[in-house]
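Trainee: A structural model of the following input is requested.
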Amino acid sequence: MASDNAMPRLSVKVLGPLEFDPVTPELAALNGQARKVLCLLVTAWPKSMTAKAMSSHLRADRPLDPSAIHKFLKQLKDAGIRIRQAASRPEQYSLDPDQVTVDAWTLQQEIRDAASPEAVDRLARLWRGDPQESHEISSWRWAKVHRARDMLVRLIEGLPGTDRPADPVLWRLAPHLVDSSMQPGPAARRPRILVVDDIHAATVANQAMADPRIECDCDQIESIEEWMDLRDIVDVGSYYQAALIDLHLDRDSAFDDKLGLKIVDWLGAHTEIPVAVVSSDPGTGLDRERARQRAEHRLVAIVDKGRKNRYLNEIPEVVRLLLSNDDDCRQARLETWLLHARRRLQWAHFEGRISADEFAAAEEEFREAEIALRYERVDHAENLVQAYYQKWRPRGSSSR
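Mentor: Numbering: from 1, shown residues only. Now for the predicted structure:
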């Protein structure tokens, strides 16, 4: 076992299969769960993670006890990987950047200043493969790495042919290149759906991807801790194109709906992605006046899972409403945006934050957009709805 007082600087390589330099028998013998914990700490950088947060990523059907995480952390320490705990917050863990170097960190730190062909080549050589395919943690945790990779391939495409990295370095990045002189362009990026459900996330995600007409990928979030981590790592509004949210996220309180609704309302306030609720008995959190509640929370649809998830077969159609460019789907989303903006505006008027004249003018614009949505071409209606939404929603936003 390596001594804590005389550790050589350890290189951890995650851009491809996990590798260590120098490698020791203890590092080679790390089990799968300890390796996942290591990858979680890598992706959390420069922040730290609690054992509770890590446990939510390693669950089967329930979170692991934090004591199990402590066991994996001890395995990492015993193998010579320096892990820090802040004196003021000992429950927070992070890799020690003074003792550990990570190829993903190097790529993220240096990509913005990579001006020369030599610098681009050096960073390109770090990329041995997509970490998402090599390490069994949630794909969204690699979002910052993927952004750095995308910056790298843009730099490569901007270089003269003679200055570009040589094969096989270049071809390891080939699936991400769009320069037709280097390879045919890749297929358009598949829409990505955020699925938040503490028990049935995998089932909901499988249903979301069931319709062959709507090709999409899903990221599964199963706890509030994971949701908070996601917000730290990912620009949610640009990374995802839709979301399916469960209301009941606290296993110890089956009817606590505030957690799910808080996520729904955060998405409504900070993003413009379409959202649907997919939840057991959503009536306990959203009353049965579905039209009013959809407008209140900017929901395109509300799906009751039903007893033993009997109604999950509705999800493919809901996904079509969220993602498809068919006129009926665009109309459903525009109606949601229009009614949500009007609902916010009504509260602003009720609370005295806009004048009666402003409210009357807004109502005229609402009626014009509503008529266009019902009787005119969707393209024309979209312009009116977007104008109304952007003009009135920010001023009419409310905590309600």
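
Trainee: Let me see the contact set for residue 47.
Mentor: By CB atoms under 8 Å, 6 or more residues apart in numbering, the residues touching residue 47 are 94, 232. Using the backbone N, CA and C atoms, a C-beta is placed for each residue, glycine as well.

Trainee: Please apply the same query to residue 83.
Mentor: Residues near residue 83 by CB under 8 Å, 6+ apart: 41, 73, 76-77, 93-96.

Trainee: Which members of those occur in strands, if any?
Mentor: In this view, the contacts of residue 83 that belong to strands under DSSP state E are 93-95.

Trainee: First-to-last residue distance for stretch 37-53?
Mentor: End-to-end distance of stretch 37-53 (CA to CA, to the nearest Å): 11 Å.

Trainee: Which positions in that stretch come out as buried?
Mentor: Neighbour-count burial for stretch 37-53 flags 37-45, 48-49, 51, 53 (criterion: 16 or more other CB atoms under 10 Å).

Trainee: Among those residues, which ones are in helices?
Mentor: Among those, the members found in helices (DSSP state H) are 37-44, 51, 53.

Trainee: So which of those is the closest to residue 325?
Mentor: Nearest to residue 325 among these: residue 43, at 33.4 Å, using CB to CB.

Trainee: residues near the residue lying closest to the closest one once chain neighbours are set aside, how many?
Mentor: Distance criterion CB to CB, 6 or more residues apart in numbering; nearest residue to residue 43, sequence neighbours excluded, is residue 141 at 4.1 Å. Neighbourhood size, residue 141 [other CB atoms under 10 Å]: 23.

Trainee: need the contact list for residue 141.
Mentor: The contact partners of residue 141, by CB under 8 Å, 6+ apart, come to 39-40, 43, 229, 233.

Trainee: Which parts of the stretch 301-400 of the chain are helices?
Mentor: Assigned by DSSP state H, counting those that start in this stretch, the stretch 301-400 of the chain shows helices spanning 315-323, 327-350, 356-375, 378-396.

Trainee: taking those together, which one is wrapped up most tightly?
Mentor: helix 315-323 (a mean of 21; mean count of other CB atoms under 10 Å).

Trainee: Now do that helix: which elements does it pack against?
Mentor: Where contact means 3 or more CB pairs under 8 Å, 6 or more residues apart in numbering; DSSP states H and E, helix 315-323 is packed against strand 192-196, helix 201-208, strand 242-245, strand 275-279, strand 299-304, helix 327-350.

Trainee: Mean pLDDT added to these, as a markdown table?
Mentor: Shown next, in a markdown table, are the helices and strands packed on helix 315-323 (pLDDT from 0 to 100):
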| stretch | mean pLDDT |
| --- | --- |
| strand 192-196 | 94 |
| helix 201-208 | 90 |
| strand 242-245 | 95 |
| strand 275-279 | 90 |
| strand 299-304 | 90 |
| helix 327-350 | 88 |
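
Trainee: Let me have the ones you listed in JSON lines, extended by distance to residue 24.
Mentor: Converted to JSON lines, those look like this (distance: least, CB to CB, whole Å):
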{"stretch": "strand 192-196", "distance to residue 24": "38"}
{"stretch": "helix 201-208", "distance to residue 24": "36"}
{"stretch": "strand 242-245", "distance to residue 24": "44"}
{"stretch": "strand 275-279", "distance to residue 24": "47"}
{"stretch": "strand 299-304", "distance to residue 24": "51"}
{"stretch": "helix 327-350", "distance to residue 24": "55"}
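
Trainee: Residue 262 is nearest to which of those?
Mentor: Closest approach to residue 262 among the helices and strands packed on helix 315-323 is made by strand 242-245 (9.9 Å; CB to CB).

Trainee: That closest one: how far from the chain's middle?
Mentor: 11 Å (CA atoms, centre = their mean, to the nearest Å).

Trainee: Give me the domain ranges for this protein.
Mentor: Domain segmentation of the chain under automatic domain parsing yields 1-185, 192-323, 327-396.

Trainee: what about the helices in the stretch 51-200 of the chain?
Mentor: Assigned by DSSP H, counting those that start in this stretch, the helices in the stretch 51-200 of the chain fall at 51-57, 66-78, 103-110, 117-124, 131-134, 143-157, 169-172.

Trainee: These: which one's closest to residue 239?
Mentor: In terms of CB to CB, the element of the helices of the stretch 51-200 of the chain nearest to residue 239 is helix 143-157, at 6.0 Å.

Trainee: Might you list the low-confidence residue ranges for the stretch 1-150 of the chain?
Mentor: By pLDDT under 70, the weakly predicted segments of the stretch 1-150 of the chain are 1-8, 59-64.

Trainee: Residue 10 reaches residue 19, doesn't it?
Mentor: No. Residue 10 is beyond contact range of residue 19, at 11.1 Å (criterion: CB atoms under 8 Å).

Trainee: What values do phi and psi take at residue 166?
Mentor: Backbone torsions for residue 166, taken as degrees, to the nearest 10, come to phi -80, psi 160.

Trainee: and it, how many neighbours?
Mentor: Per other CB under 10 Å, the neighbour tally for residue 166 reads 10.

Trainee: Now do it, the pLDDT please.
Mentor: Residue 166 is assigned a predicted lDDT (pLDDT) of 73.

Trainee: how near is it to residue 332?
Mentor: According to CB to CB, to the nearest Å, residue 166 and residue 332 sit 51 Å apart.

Trainee: Likewise for residue 161?
Mentor: 48 Å.

Trainee: between residue 10 and residue 19, who's got more neighbours?
Mentor: Applying other CB under 10 Å to residue 10 and residue 19 shows that residue 10 carries more neighbours, namely 22 against 14.

Trainee: What residues are bridge-paired with the more buried one?
Mentor: On the basis of DSSP bridges, residue 10 takes part in beta bridges with residue 100.
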